[in-house]
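# Quick one: sequence plus predicted model below, questions after.
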Amino acid sequence: MATDASCKSDGNNMAGPPTPATRTNDNRPRVNHTYHDFSRYLEEVGTPPKRKKADNNFPAKLHRILATPEFSQIITWMPHGRSWKILSKKMFMSTVVPKYFGQTAFQSFTRQLNGWGFKRLHQTGTDYGGYYHECFLRGLPRLARLMTRQSNKGKSVPDAEGEPDFYEISRLFPLPLPHCPFSTCSPGANISLVPCDTVAVAMSSPPPVPNNRS
């Protein structure tokens, strides 16, 4: 069983080394979407040690914003709870950002996102334009204590085809029920508990769904 972990944007934790990011024809790196599931970390390992200002840093504030009902028409979690999206950039910048971050430019906010290892989703569909981090999950704000600021590695080219399928991942590893951080299954799910280091497998390409049809 894993006893410690540190979420990093390159995916280098708990499940071994990440898959190297592919590069474009002109040798520019693509975004590495290697994904590890940390949804059972608090159950199997425990609450991460509290770093200085960890409960009032950028990820912690973002968690509080997403948990505030009055902002639900401005910024929201996606149904699976593994990514989130800004619904109204104008309202977000005029109503939310000044109150929590004291910024006036959206570019400053996105620099913070990049600095904390969030990745943007570009694949066509419901999640398009959203952001995710493997240690930033709905209902698990304490997990964000594992997040650390990342050094600037330069701009990478989006890789929509390599993005995780969060709907399939969440079918296999559903997030805790609302208001119950140690509940492991959604209603009707049949998921057994396994050690955290076993659950945390790289899922940039989720396993296929068994075909039970005759």
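On my side now, so go ahead. Numbers count the residues shown, from 1 in each chain.
# residues in contact with residue 39?
Going by Cβ atoms under 8 Å, 6 or more residues apart in numbering, residue 39 touches 137, 140, 173-176, 199. Any C-beta I mention is one placed from the backbone N, CA and C, and that applies to glycine too.
# same check, this time on residue 167
Applying Cβ under 8 Å, 6+ apart, the residues near residue 167 are 79-80.
# before we move on, back to that, out of the contacts of residue 39, which is most surrounded?
Compared across those, residue 137 has the highest neighbour count, 25 neighbours, by other Cβ atoms under 10 Å.
# Next, that one: secondary structure please.
coil (DSSP: H, G, I helix; E, B strand; the rest coil).
# How about residue 63?
helix.
# Look at the residue nearest to it when sequence neighbours are not counted and say how many residues are nearby.
Leaving aside its chain neighbours, residue 63 sits nearest to residue 141 (4.2 Å; criterion: Cβ to Cβ, 6 or more residues apart in numbering). Applying other Cβ under 10 Å, we find 18 residues neighbouring residue 141.
# isn't residue 141 right up against residue 57?
No - Residue 141 is beyond contact range of residue 57, at 11.4 Å (criterion: Cβ atoms under 8 Å).
# picking up where we left off before, what sits against the residue nearest to residue 63?
Applying Cβ under 8 Å, 6+ apart, the residues near residue 141 are 60, 63-64, 67.
# which one of those residues sits closest to residue 99?
Of all those, residue 64 has the smallest distance to residue 99: 10.6 Å, by Cβ to Cβ.
# Can you give me the neighbour number for that closest one?
By the criterion of other Cβ under 10 Å, residue 64 has 14 neighbours.
# Tell me which residues touch it, please.
Contacts for residue 64 were tallied using Cβ under 8 Å, 6+ apart; they are 100, 141.
# separation between it and residue 135?
Note on residue 64: its distance to residue 135, by Cβ to Cβ, to the nearest Å, is 16 Å.
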